[in-house]
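Trainee: Next come a sequence and a model predicted from it.
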Amino acid sequence: MLTDSTIVGLKPVPKQRLDVWDENPKVPGFGIRVSPNGKKTWTLVYRFQGAPRRLSLGRYPVITLSTARDHARKALAAIVNGTDPALEKKERQAASVAKRRQDQDGAFGKIAERFIAEYAKPNNRERTWKHDDWILKKHVLPFWKAKPVREITRADVKALLQRPIERDGNGAVASGGYVSNRIRACLSKLFAWAIEEDLCDHNVIRDVKRLGKERPSDRVLSSEEIRTLWQKLDSLDGRAQAFFKLALLTGARPGEVRGATWSEIDFDGAVWSLPSDRTKTHQPRRIPLSPTAGKVLRERKAAAGESSFVFSGEGAISGVAILTSIKFGASALREACGFEFAPRDIRRTVATNIASMGVRREVVRAILGHVDSSVTGRHYDKYSYEPEARAALDKWDRALTKIVTGQTAKVVKFPARA
């Protein structure tokens, strides 16, 4: 009978294949074939309906001796039941090749489905892959779903990226550039993955430059705008009111506020603890809760009922659904206020006002959850600045109260960007 030491000691014979049999009466016809170049392949020879047949059972040492014997036993059992295992394997391989060819020549919709399931989900945070999925369903599949991926041209890409863009009278991009660029980024990832999977040969997305010009926003709400915004929150439902109030009181990222859970909130300690999988930096962080922030959360607790999410109780609460809900709230709030702003502008407004009160930059950085990328910050200074952050947010709470009640008209002004 074959043993591992016997197999390891088998040497190739020049210009011919060497078959060595197991001589095991329980697995007749089972052995290993050594090719002239030294490759060793498990094999099973048998007769089916009177005709001699040979079945390959895999390469050694990838397939071990015990595993190969098990495969041989199963094949012999199939023969007894009237199935030819070699023919069955050939048919499976043919079906696999046919499926691969179908995918290679398949419609974009099928490729997009595989991209999300096989690449985006396993390799990204939930928020990221769901955003990619939303972009594909909202902006791409309505136009490319049935289009063979190999037939997508530069002209197709350019036309698709133009769709969300609105231009002014001079032909310059007036709006939609950000969305267009996000579509391009998502598609570029998809095509790069498709090339690795042999589903296409060229990343046609890279042949088209970004159509939208982006630059960091410098929008900071004035004291009058903050007061107006706070007063107009009464026009929104309770969930949207709490979202904007908590964002304005903490300076947290919009996504962090949207996904808040009650397990993160410590009312007794007046602190909001975000786990690493909920922060942009992938590091856990603690946000001190000022008295007004605590009051907002207690009111939300009553509305949320038994839900584990802070912003539940009045509809869907997670992923794209809550993002869409907050966007609608922001749209309604902008209309009520009579001026433009984005949820992320609130975070910038909080940071700017706290800094204007004389709070040190490292404390502002701690409040915002930014990582200090300096050598000192990365390797030496591991202090959390939580006490200082609490004092700053409490001070901002008092200042915000004065702003919204009209006790102060302080406005933070910045020079216009050239």
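Mentor: Done, it's in.

Trainee: the residue most distant from the middle of this protein, which is it?
Mentor: Here the centre of the chain is the reference, and by CA atoms, centre = their mean the most remote residue is residue 50, at 56.6 Å.

Trainee: Helices along the stretch 51-200 of the chain, start to end?
Mentor: With helices called from DSSP state H, counting those that start in this stretch, the stretch 51-200 of the chain shows them at 65-80, 85-104, 108-114, 121-123, 126-135, 141-144, 154-162, 177-196.

Trainee: quick one: which of these is nearest residue 330?
Mentor: Closest to residue 330 of the helices of the stretch 51-200 of the chain is helix 177-196 (CB to CB; 14.9 Å). All C-beta spots, glycine's among them, are computed from the backbone N, C-alpha and C.

Trainee: Buried residues in the closest one, which are they?
Mentor: Neighbour-count burial for helix 177-196, counted by 16 or more other CB atoms under 10 Å, picks out 177, 179-184, 186-191, 193-194.

Trainee: Show me which of the residues you listed is closest to residue 391.
Mentor: Out of these, the member with the shortest distance to residue 391 (by CB to CB) is residue 182, at 38.3 Å.

Trainee: returning to that earlier point: so how far is residue 29 from the residue farthest from the centre of the chain?
Mentor: Distance, residue 50 to residue 29, using CB to CB, to the nearest Å: 15 Å.

Trainee: In the stretch 101-250 of the chain, where is pLDDT below threshold?
Mentor: By pLDDT under 70, the low-scoring segments of the stretch 101-250 of the chain are 101-105, 167-175, 214-217.

Trainee: Next up, the contacts around residue 407.
Mentor: residue 401 (CB atoms under 8 Å, 6 or more residues apart in numbering).

Trainee: Quickly note the distance from it to residue 231.
Mentor: Going from residue 407 to residue 231 by CB to CB gives 14 Å.

Trainee: Look up the closest residue to residue 179, ignoring the ones flanking it.
Mentor: The spatial neighbour of residue 179 that comes closest, neighbours along the chain excluded (CB to CB, 6 or more residues apart in numbering), is residue 164 at 4.2 Å.

Trainee: Quick check, the one you found in contact with residue 181.
Mentor: No. Residue 164 is beyond contact range of residue 181, at 9.7 Å (criterion: CB atoms under 8 Å).

Trainee: Of the buried residues of helix 177-196, which is the nearest to residue 84?
Mentor: Lowest distance from residue 84 to those (CB to CB) belongs to residue 194, with 36.4 Å.

Trainee: Now for the closest residue to that closest one other than its chain neighbours, how many residues are close by?
Mentor: Sequence neighbours aside, residue 200 is the residue nearest to residue 194 in space, at 4.7 Å (criterion: CB to CB, 6+ apart). The tally of other residues near residue 200 (other CB atoms under 10 Å) stands at 22.

Trainee: For residue 200, give its distance to residue 37.
Mentor: Using CB to CB, one gets 34 Å for the distance from residue 200 to residue 37.

Trainee: Could you confirm residue 286 falls within a helix?
Mentor: No. Using DSSP: H, G, I helix; E, B strand; the rest coil, the secondary structure at residue 286 is strand, not a helix.

Trainee: what pLDDT does it get?
Mentor: On pLDDT, residue 286 comes in at 93.

Trainee: Contact partners for the residue nearest to the spatial centre of the chain?
Mentor: Using CA atoms, centre = their mean, the residue of the chain that lies closest to the mean C-alpha position is residue 128, 2.4 Å off. With contact set as CB under 8 Å, 6+ apart, residue 128 has these partners: residue 120.

Trainee: Over to the one 5 residues further on?
Mentor: With contact set as CB under 8 Å, 6+ apart, residue 133 has these partners: 116, 120.

Trainee: Relative to residue 337, how far out is it?
Mentor: 32 Å.

Trainee: and what of residue 361?
Mentor: Distance, residue 361 to residue 337, using CB to CB: 30 Å.

Trainee: out of those two, which sits in the more crowded spot?
Mentor: Per other CB under 10 Å, whichever of residue 361 and residue 337 has more neighbours is residue 337, with 18 against 11.

Trainee: Hmm, residue 229 and the more buried one touching each other?
Mentor: Yes. Here residue 337 reaches residue 229: they are 5.6 Å apart, a contact under CB under 8 Å.

Trainee: For the residue farthest from the centre of the chain, what are phi and psi?
Mentor: Note on residue 50: its backbone torsions stand at phi 90, psi -10 [degrees, to the nearest 10].

Trainee: Number the chain from 48, please
Mentor: Sounds good: first residue 48 from here, last item residue 97.

Trainee: domains in this structure, as residue ranges please.
Mentor: Following automatic domain parsing, one finds the domains of the chain at 51-143, 155-254, 270-451.

Trainee: want to throw those into JSON lines with distance to residue 260?
Mentor: Shown next, in JSON lines, are the domains of the chain (distance: least, CB to CB, whole Å):
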{"stretch": "domain 51-143", "distance to residue 260": "46"}
{"stretch": "domain 155-254", "distance to residue 260": "6"}
{"stretch": "domain 270-451", "distance to residue 260": "17"}
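
Trainee: Tell me if I'm right that residue 377 and residue 392 touch.
Mentor: No. Shown here, residue 377 and residue 392 do not form a contact pair, counting by CB under 8 Å, at 10.0 Å.

Trainee: just checking, residue 59 touches residue 81?
Mentor: Yes. Applying CB under 8 Å, one finds residue 59 in contact with residue 81, separated by 5.4 Å.

Trainee: Overlap in contacts, the two.
Mentor: residue 65.

Trainee: The two: who's more crowded?
Mentor: residue 81 (20 against 15).

Trainee: any idea how far residue 104 is from the more buried one?
Mentor: Counting by CB to CB, the gap from residue 81 to residue 104 is 14 Å.

Trainee: now swap in residue 431 and tell me
Mentor: Distance of residue 431 to residue 104, given as CB to CB: 59 Å.

Trainee: between the two, which one's more packed in?
Mentor: Under the criterion of other CB under 10 Å, the comparison of residue 431 against residue 104 puts residue 104 first, with 23 against 10.

Trainee: Would you mind measuring the gap between the ends of stretch 239-251?
Mentor: In stretch 239-251, first residue to last residue: 10 Å (CA to CA, to the nearest Å).

Trainee: Measure how far it is from the centre of its chain, please.
Mentor: Mean-position distance between stretch 239-251 and its chain equals 20 Å (CA atoms, centre = their mean, to the nearest Å).

Trainee: Likewise for stretch 123-141?
Mentor: Here stretch 123-141 is found 42 Å from its chain centre; the criterion is CA atoms, centre = their mean.
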